[in-house]
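[1] structure, please.
(one chain, ligands or ions: 1)
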Amino acid sequence: MKIIRAKDYNDMSRKAANIISAQVILKPESVLGLATGSSPIGIYEQLIKWYHKGDVDFGACTTFNLDEYRGLTPDHDQSYHYFMHKNFFDAVNVPDERINLPDGAQLDAERECHRYDAAIRAAGGIDLQLLGMGLNGHIGFNEPDEYFSKGTHCVNLTESTIEANKRFFASADDVPRQAYTMGVQTIMLARRIVLVVSGENKAKTVREAFFGPVTPRVPASILQLHTDVSIVADEAALSLCTDLL
Ligand code: F6R
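    Numbers count the residues shown, from 1 in each chain. The predicted structure is shown next:
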């Protein structure tokens, strides 16, 4: 596991964007695994700037996002489809037909999860998976559990996630109760993983996940067993690990 130390959120974003950009320059037809949330927004902003300067070209890339709410259509302003178009896809040149997210409007969960895993396999697997990490160590929507999940599956959102997300919806009743997410095994099958983490509120989780035991109670801890993982973390996120670095 490589820990890449960044000064702050902007530095973290630039460093991670550099890794993604190098991946795409070295292999223009890369299959990229992408994430939503606040952690990768700065990366997308940086990649958009480099794209407009002509430094990186996504025209041959294929993308697969980690997750999507079940029950939201792509045009819903809280769907991850909408987030990705607004924050990245609308400004770069990934061809529409090579942008993949789980289809939240497909309510047949078994069918949708099977379709998504088959599409990842058919694309040749993921070359580089970008990840954020939740306060409890979750990756994708893989929450702390007794075991590590395998392929793409449907999860019930926890009460705390519903509570945390209700501010984005008209009321708590409108928050989707379920989501489709790549499983931990899907994530671990990516040939290369880049996880970005920023802020003091995640410092304890960083220590547990990357310097503690590998356990499904802290899903991101499994990344310790991956052979090509870079954790790009800012000083605040590493503030409880200074004795270990
Ligand atoms: C996003 C995702 C989540 C987030 C995590 C961190 O697609 O799957 O696991 O990466 O919740 O979110 P932020 O970056 O908002 O702190």
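[2] neighbours of Glu200, how many?
    13 (other Cβ atoms under 10 Å). For glycine as for every other residue, the C-beta is placed from the backbone atoms N, C-alpha and C.
[3] contacting residues for Tyr69?
    By Cβ atoms under 8 Å, 6 or more residues apart in numbering, the contact set of Tyr69 is Gln78, Ser79, Tyr80, Gly104, Pro176, Gln178, Ala179.
[4] show me the beta-bridge partners of the nearest residue to Phe89 once chain neighbours are set aside.
    Distances taken as Cβ to Cβ, 6 or more residues apart in numbering put Ile99 closest to Phe89, at 5.9 Å, once the chain neighbours are dropped. Assessed by DSSP bridges, Ile99 has beta-bridge partners Thr63.
[5] what distance do you get for the closest residue to Ala236 other than its chain neighbours to Leu34?
    Of all residues not flanking Ala236 in the chain, Glu200 sits nearest, at 4.3 Å (Cβ to Cβ, 6+ apart). From Glu200 across to Leu34, the span is 26 Å (Cβ to Cβ, to the nearest Å).
[6] in the chain, which spans are helices?
    9-26, 41-53, 80-87, 109-122, 159-165, 184-188, 203-211 (DSSP state H).
[7] residues of the protein that sit close to the ligand?
    35-39, 66-67, 132-134, 138-140 (Cβ under 6 Å from any ligand atom).
[8] take the residues you listed and keep only those in strands.
    Asp67 (DSSP state E).
[9] buried ones among the residues of the chain next to the ligand?
    Ala35, Thr36, Ser39, Leu66, Asp67, Gly132, Met133, Gly134, His138, Ile139, Gly140 (16 or more other Cβ atoms under 10 Å).
[10] thought Ile99 was touching Thr63?
    Yes. Counting by Cβ atoms under 8 Å, Thr63 is a contact partner of Ile99 at 5.4 Å.
[11] quick one: which of these two has more around it?
    Thr63 (22 against 18).
[12] the more buried one contacts Asn100, doesn't it?
    Yes. Between Thr63 and Asn100 there is a contact at 6.3 Å, judged by Cβ under 8 Å.
[13] residue contacts, the residue sitting nearest the centre point of the chain?
    In the chain, the centroid-proximal residue (Cα atoms, centre = their mean) is Ala35; its distance is 2.8 Å. Counting by Cβ under 8 Å, 6+ apart, Ala35 makes contact with Asn65, Leu66, Leu130, Leu131, Gly132, Gly140.
[14] what do you get for Tyr80?
    So Tyr80 contacts Thr36, Asn65, Asp67, Glu68, Tyr69, Leu101, Gly104 (Cβ under 8 Å, 6+ apart).
[15] how close does it sit to Pro213?
    31 Å.
[16] cool, and Lys2?
    20 Å.
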